[in-house]
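Compute the structure for the input listed below.
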Amino acid sequence: MGLHGSFQRAVGKYHLWMNNAFSSYGSYVARKPLIPLVFGLVLLGGFCFGLFRYSKETDLEKLWVEHGSRVVEEKAFYDARFGGIPRQEIVAIVSKDNPDAQLDLAHAMDALTYSIGPLFDNLTLDYVPPGSTKSVQLVQSDLCVRPLVPPTLRPGNNPLVDNNWLSWGFQRMSTCALNTTFAASTIKPSFLPVGWGISKFPCTKLTPMDCFREGGSFDYPEALRQLETPMPPLPTGNFTLVDITASFIAQTNICSVALTSELEGLFTLAQVPAEQAAPQIAQIVAGVESQTESFFSWGYRWRRSYKGMSSEEIIDHINTAVKLADEWDTAPSNPQVATCITEGLPCCLTWFGLHTPILASLGSIDYNEGGNVTKIGGIRWGQNNYHEAQPLWVDYIEEVLGVNITRKQRKNLHRKWEGRMVDHLEPLRNRESNLFATTYNDLQLEFLTWRSSQDIISDSAKTPIWQIVLSVILTSLYAYLAFINIKRPVHSHTWVVLTGLSVVTLSILSGFGFTAMIGIKFSPLAGGVVPFLALGLGIDDVFVLVNIMRNYLEDPRLQAMGSGSIIPEREMRLTLALAGPSVILTTFSVLAAFFISSLNPMPISQWFCWQMGITASLHTIGLILIFMPIMAIDARRVKAGINDPNLWLVHGYRSKGASETAAGVKDETVAGDDAANFDVNDPSLQENTGSTAISRWVASRYAPLFENNMFKICVVIVSAAFLAVMIYLGFHKVEHGLKLSDVTLAGSYQNTFAKLTEERFPNYDVAIVTREIDYPNRQAEILEIFSELQKKKRWAPVQPRILESSWMGGFYLFSNSTANVSYPVPAQAFNQLLEGWSTSSLGILSLQDMYCEHNETGLPLSCFNVEQNPNLRVAATKSVMFAQNLGANTKPNLDMIRDTRSVVDGLNDKFGENIAYMYGYPFLFFEQYLHSYHDLYLVVGLALVGVFVAITVFQFSLTVSILICVILLVTDLEVYGFVYIIGAKLNALSLVNLGIVIGMSAEFTYLARSFLVVEGTKTERVRKALEWTFEPLLHGFGTQFVATFPLLFVKYHAFRLYYFAMFTVMGIIGFFNGFVLLPALLTWIGPGTLHHIKEASAKAKQRAVQAQTNGSKVEQADSAPSNGTAPHT
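Purely as a prediction, here's the structure:
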């Protein structure tokens, strides 16, 4: 009992101290309002200057890749070596009327060729490098991922100078072969021109046309087309230049001998000693012979044309190609291309003879039970452009431009090119092109470039001024109507509430300025959501403070204590003593919710929470330093009998009969016993009921409902049933994720592309990244990783196999064909073979997939120059797996991430070294959903802890703290269920909102505060608390709604869904739980009145009894007969 009593006394002293602190500040601002007012304006106004440091972020990877996960380190490793994920460009063709209908495939491929051909053949960009006045004309091949042509294959007439031995030698060999073959013919063949060579290779791309001859109808350089020049007919058939040359060289060494003789002459003229020249000549001749075999496997000449083929025949052609690829030998030393050419098989290969991921180019596919394709409803072209930081491309583009340019400039260069692509493709999509509209009027084209996502982000960050103005107007109008009093204009408070709105606006601007000052970048949420939400949240406290002050100014008992002074000391002391702790409490609750929600690892959500938390903090500062002094000035106006300034035009400066208290009266003497014993803690001072219609309705109609147990039982039953339904919907129906179609502007090319392709083209390319390991001695381990991943048939396609499309596949093919070495190659021969491979036509196809360093210094070196630097070593590689069956839904992507990581991580553990990891677009953007529930529980749980601590500190009632936290959790669970009803999903946006619910719904702690500071039975105290808090918080919800209402008109559906809809739902549910469920529970299990309030009440009652006793004695003395005698005169 003693311990409990000590605790109660400690709590009483604490509350008394807090009440006195707020009431003292109320007394101070009543007397000297200008001092804190000016200081507050200077402080918040100064923060606004931070807006000059405003910067925004539109990079999707920086906004949407979560911090603290394993993918962050993996991304850093990948970016440091390969620049970043390539910039993807896609064009898709489907039926206009039904995207899932079977296409006329030949017709659709013609349309696709018509659409993308000009991107390679006609589109140019005149780019003026920084510091230059002369423009450089760039084309698609200057930006796309493609092999770089080594010097040995480039054009040139003098190989001694140009070092183009292979192209020069092949031109000589092919001329020799053709002359010998057609020596007796009267029709002379076409020869390769003198100086022939290859300037550029085709871009690495994905199209269904690669299965057919038409794959070479665009983006196939003239030098490569010349290899396929048709030759005069021979008795054995019709052949091309490269066919005859390769066949001739394979059958006889006549041309090799002739080339050797010519080379000897060149070296003699160059005065190279014979003993030095001989091995070089032998190497050159062998290289030309090997290159001839490569040239034979390149190109499209041997493939069947789809012209004249029916869709059924095309599907059968593709099915056969996939089946042949699946049945082919998996050894990289035995590529299928030679058999495809010589036997005329239907094969789907790249231009250089490797299997292409053909199924990734097909959409809306149906399969039969045997796994064969039976329907194709869409086709697409896909291509990667180099990332702006890719080392190989950086060297290339700076050589082309002739100057060094920064990463930002390279990125802008990409964006300009992609802008040119959009300008070309959008008229086709919109059918503004006459030829496309007439010839392909039954088809629909959709496209996407890498800049498209950044354009969405940049555009969504722009909030139209009219929406912000509308929000301010609606909020101002609501505030005006809520506090206008036409009948008693002195007690109208519209000007002070509108001034409070101005203070909130200043807080928002200073919040933006402060966040910019400390380096927090503005995300789309900063411009699109923060102004509306901060305005709705900030005005709540203004309504509460003004409403309570109005009640005290209209309290006849309190006003009877005055002596004519216009200084509202008692009113301000009472207002801040009652509302001050709750205002600070709700502020701390909101801060706790936002700052704790910033634990969400998604940058876009973190920045949003920091901006909202900082804005809420500055709002509190503005409330205390600026608005409370303004309230005191308004209270002076009322006590001076001056009308609301906003009504001066109608009612004048003073109303007739208004009190004419002289301005400047400073006498603070209080007449009467009540005044002499004035105590802000006296609960009897809260007996007055508000004068508004809403307050009267609450007092007479609504609050009495809580005296009825049946009503309260029904409330609890309905609430429990609703909670159960919402829990089921939340945890069993809500999906995880956020699709591109969810965040794009309806009707935009980004949106229609996303809706079309998200499920119809369910393939992504992902990378197996190997780290800095001992490659010569770790070949077997890498091969095992490839093999085990290939067994994951749900994800890994049969065409192409991982090993075949990897750099290792090309390396092993080279090693076998040039040195007759099987794989894995002996460790001691690895580096020597790698040097030869890296400058061969096989090696150059994969150099963009490798990262090289100096063996001693660790500095990066170009893998392209491996032969010139013996200290160069491979420090990282990446190999592609074309993951299938993914789409945009979260579950298959998470399943793929778990499956592939389990394989690679398990093998890393087995090998005892972190050899490799999986990486790519799904890993970057779906990683967050692996632990959505963990993040949800963490954010909501810590927000509840934060609010619990804040309530305990400012209310110091354990029962109230627990009860409110239970109500907050109930509210959160119910809002989570509504996520499903409104069509939202669990992602970074909704997860943060569910944390914010805790802080926003804490507004009804005002009710609990009022319940704790009045006396009576629990039901009586609930009634009084409702009378004092229902109206201002109803208005708070109303202003929150009207402030965020313009979000209903934002262009982006995601903002409407995750902010207007979710915040409206949380407002409605929070208001119901706070003013229906919570009062019902308080009447049953609410705690008693605070200890110091009881003491103040006891003292007030004692004074009242004493006053009544004294009054009775005076009456008796006045009524008694006089016993005195008249004085003598």
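
To what extent is F49 buried, counted in neighbours?
By the criterion of other CB atoms under 10 Å, F49 has 13 neighbours. C-beta: built from backbone N, CA, C; applies to glycine.

which residue sits closest to it in space, ignoring its chain neighbours?
Using CB to CB, 6 or more residues apart in numbering and skipping residues adjacent in sequence, the residue nearest F49 is G513, 6.2 Å away.

what's the neighbour count on A437?
13.

Could you number the chain from 860 rather than 1 from now on?
In the new count, where the first residue is 860, that last one comes out as A1296.

so it makes contact with R1290?
Yes: if you go by CB atoms under 8 Å, A1296 and R1290 touch, sitting 4.1 Å apart.

Tell me which stretches of the chain form strands.
In the chain, the segments counted as strands under DSSP state E are 946-954, 984-986, 995-997, 1064-1065, 1221-1226, 1232-1244, 1302-1307, 1623-1629, 1709-1713, 1719-1720, 1731-1742, 1775-1779.

For R929, give me the pLDDT.
On pLDDT, R929 comes in at 91.

where's it relative to A1494, distance?
To A1494, R929 is 59 Å away according to CB to CB, to the nearest Å.

more neighbours, these two?
Between R929 and A1494, A1494 has the larger neighbour count (other CB under 10 Å), namely 27 against 13.

For the more buried one, give its distance to M1487.
Remark: distance between A1494 and M1487 (CB to CB) = 10 Å.

ditto for F1931
Separation of F1931 from M1487 (CB to CB): 31 Å.

do I1057 as well
Here the criterion is CB to CB. By it, I1057 lies 78 Å from M1487.

same thing with E1772?
According to CB to CB, E1772 and M1487 sit 65 Å apart.

more crowded one of those two?
Applying other CB under 10 Å to E1772 and M1487 shows that M1487 carries more neighbours, namely 30 against 14.

quick one, what contacts the more buried one?
Neighbouring residues of M1487 by CB atoms under 8 Å, 6 or more residues apart in numbering: Y884, G885, V888, P895, L1404, M1431, L1435.

can you count the residues close to the closest residue to P1462 other than its chain neighbours?
Spatial nearest neighbour of P1462, chain neighbours left out: L922 (5.5 Å); criterion: CB to CB, 6+ apart. For L922, the neighbour count with other CB under 10 Å is 22.

Isn't L922 up against K1380?
No: applying CB under 8 Å, one finds L922 not in contact with K1380, separated by 9.1 Å.

tell me, what's touching those two both at once?
Contact criterion CB under 8 Å, 6+ apart; residues shared by L922 and K1380: E916.

quick revisit: as JSON lines, the strands of the chain with mean pLDDT and distance to G1158 would be great.
Formatted as JSON lines, these follow (pLDDT from 0 to 100; distance: least, CB to CB, whole Å):
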{"stretch": "strand 946-954", "mean pLDDT": "95", "distance to G1158": "23"}
{"stretch": "strand 984-986", "mean pLDDT": "94", "distance to G1158": "28"}
{"stretch": "strand 995-997", "mean pLDDT": "94", "distance to G1158": "26"}
{"stretch": "strand 1064-1065", "mean pLDDT": "94", "distance to G1158": "15"}
{"stretch": "strand 1221-1226", "mean pLDDT": "94", "distance to G1158": "23"}
{"stretch": "strand 1232-1244", "mean pLDDT": "96", "distance to G1158": "19"}
{"stretch": "strand 1302-1307", "mean pLDDT": "94", "distance to G1158": "28"}
{"stretch": "strand 1623-1629", "mean pLDDT": "93", "distance to G1158": "24"}
{"stretch": "strand 1709-1713", "mean pLDDT": "88", "distance to G1158": "26"}
{"stretch": "strand 1719-1720", "mean pLDDT": "83", "distance to G1158": "33"}
{"stretch": "strand 1731-1742", "mean pLDDT": "91", "distance to G1158": "23"}
{"stretch": "strand 1775-1779", "mean pLDDT": "95", "distance to G1158": "30"}
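
Let's have those in CSV, adding distance to S1361.
What follows is the strands of the chain, written out as CSV (distance: least, CB to CB, whole Å):
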stretch, distance to S1361
strand 946-954, 46
strand 984-986, 49
strand 995-997, 52
strand 1064-1065, 57
strand 1221-1226, 55
strand 1232-1244, 50
strand 1302-1307, 44
strand 1623-1629, 51
strand 1709-1713, 57
strand 1719-1720, 56
strand 1731-1742, 55
strand 1775-1779, 50
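
Just name the shakiest helix or strand of this structure by mean pLDDT.
Within the chain, no helix or strand scores below helix 1531-1535, which has a mean of 44 by mean pLDDT, DSSP states H and E.

Number of residues surrounding the closest residue to R946 other than its chain neighbours?
Spatial nearest neighbour of R946, excluding adjacent residues (CB to CB, 6+ apart): W1309 at 3.5 Å. As a burial measure, W1309 scores 20 neighbours (other CB under 10 Å).

Could you do the one 4 residues further on as well?
For Q1313, the number of neighbouring residues by other CB under 10 Å comes to 18.
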